[in-house]
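> The sequence isn't on hand, but the structure is:
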Ligand SMILES: [Zn+2]
Ligand SMILES: [Zn+2]
């Protein structure tokens, strides 16, 4: 082991949005920090999720000591099942983070063979030559930690995602002291979240949404529907408290909302006032001014609960004139189209739509603004600085911010993109050789397709399973489909005209028939519905997963 270098290897999330993952290597020891995913944009129609290409880790499989998770957001844990299917390494994270990972692993029937280790903020573990201390930070999801990683060359601090929230709803405050202590003793390298570097000042506390939510509860005369991320426990707690105060019952709607609130409740992270919950099927029986519905699907995902409600195709909730729908969330870049489409549908139903920036806010960011980023840099005072989690413009701005601060001891900053490595040894830090990275498109089945054992790389996918194009002609004037849908395929079993594809045509026809006229008028929704139904059918009949790309023609 003559190699006395520390290598920082960004596997995803630097210079791109989402799918965060980073490897640290010293000698023959590698640790992995986070394994995230991103949702595909419209150019990647036909796949469900996108994860980093983990081949660097596969190539060094014998050296990888473990996966350490900072928090439970999808852009940090969504790729875990995929990584673990290639490398069965132990996983470390806080209880809530691991509970969310467990849920994912369970869907892929991978839970049994996985070694999950719960850690607490303040505790330490040893992985190879690395000693890792977990430090509590505040973020939009509870139980988030930063990592102080002691390496043979010095300490590396990885912030994870954070903001410095002085009043989190769970009263678990940011552990600034530990950051400062490490800073005092000397930190080799700081890796810090860049998401909100272009926002001046401080990000508001999670509690800042309370006045706006309170107003919604007092002013809404009919049903109140609030949508937020199911993992936003801070937000959910405030909604539950306000509902109790205003004598409204609460129903959770959407699979992830039901699952995650149950997990959080079981772990004591979400307190649910006595007998406040009602079942989704009872929503429409309640007096409209006595019920609040908390629903998942803020990003306009076509199959989500809120999207179904928007097109009046949800079996438990039908929007009526005068209902209020509040989106307590932001638009994740790339999702604009789907979200606006969903909002248009909601507005068409006559509901009052509350969204966007306003004061007091209906949503606050989970990421620290400029002053918080400066605060952390000033406390940690690293010798080297590498901004993480952001697109290039954010990383470069964050690096400039560090240079302007000129805190004692800063020798250099490096803007790295995914695949560009940094090498540190006793002589200093410099750019290292590039490693192979990329994106892997996974057709995993949505949350609704339970236990589909996944993971097909797109190319293999195409060469083995082919692709299927259902072509639907819709009459411009009547909104009805013209004749039976056509299906064109390449490389798929049987080929065109085979019995299976003839049957597939009626599957598509059935999807069209069972959709509401509003859904039929929305091609984005129809494409996704057809894709999901056809995928389920073809997979069941043939055990294959061709790439399915629905084409809708207006005639
Ligand atoms: Zn993130
Ligand atoms: Zn996050």
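Structure's in. What do you need? Quick caveat: nothing in here was measured; it's all calculated off a predicted structure. Ligands and ions are numbered 1, 2, ... in the order given.

> Near ligand 1, which residues of the stretch 1-150 of the chain? Just list them.
residue 75 (C-beta under 5 Å from the ion). (Each C-beta comes from the backbone N, C-alpha and C, glycine too.)

> now the residue nearest in space to the middle of the chain: how far from residue 119?
When C-alpha atoms, centre = their mean is applied to the chain, the residue found nearest the centroid is residue 74 (2.8 Å). Computed with C-beta to C-beta, to the nearest Å, the distance linking residue 74 and residue 119 is 20 Å.

> How about residue 482?
59 Å.

> Same drill for the two, tell me which one is more crowded.
residue 119 (20 against 12; other C-beta atoms under 10 Å).

> Confirm for me that that one is in contact with residue 136.
No: with contact defined as C-beta atoms under 8 Å, residue 119 does not reach residue 136; the gap is 11.3 Å.

> which neighbours do these two share?
residue 145 (C-beta atoms under 8 Å, 6 or more residues apart in numbering).

> ranges for the strands of the stretch 51-200 of the chain?
Taking DSSP state E, counting those that start in this stretch, the strands of the stretch 51-200 of the chain run over residues 64-68, 91-93, 116-118, 124-127, 130-137, 144-151, 154-158, 187-193.

> hang on, I meant the stretch 201-350 of the chain
Counting by DSSP E, counting those that start in this stretch, the strands of the stretch 201-350 of the chain are 224-227, 249-253, 291-295, 324-327.

> Including mean neighbour count, could the ones you listed go into JSON lines?
JSON lines is the format used below for those (neighbours: other C-beta atoms under 10 Å):
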{"stretch": "strand 224-227", "mean neighbour count": "27"}
{"stretch": "strand 249-253", "mean neighbour count": "22"}
{"stretch": "strand 291-295", "mean neighbour count": "26"}
{"stretch": "strand 324-327", "mean neighbour count": "23"}
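
> ok, the residue of the stretch 401-550 of the chain found nearest ligand 2 - contacts?
Residue nearest to ligand 2 within the stretch 401-550 of the chain: residue 418 (17.6 Å; C-beta to the ion). Applying C-beta under 8 Å, 6+ apart to residue 418 gives the contacts 10, 11, 12, 13, 14, 15, 16, 52, 437.

> hmm, 7 Å instead?
Contacts for residue 418 (C-beta atoms under 7 Å, 6 or more residues apart in numbering) come out as 10, 11, 12, 13, 14, 15, 16, 437.

> would it count as being in a helix?
No: per DSSP: H, G, I helix; E, B strand; the rest coil, residue 418 lies outside any helix segment and is coil.

> List the contacts of the residue nearest to the centre of the chain.
Per C-beta under 7 Å, 6+ apart, neighbours of residue 74: 36, 37.

> what mean pLDDT would you report for the longest helix along the chain?
Ranked by residue count, the top helix of the chain under DSSP state H comes out as helix 523-542. The average pLDDT within helix 523-542 is 84.

> What are the contacting residues of it?
So helix 523-542 is contacted by 302-303, 307, 311, 338, 341, 446, 449, 468, 470, 493, 500, 504, 507-508, 511, 515, 519-520, 544-546, 548, 550, 552 (C-beta under 7 Å, 6+ apart).

> Nothing else from me, thank you.
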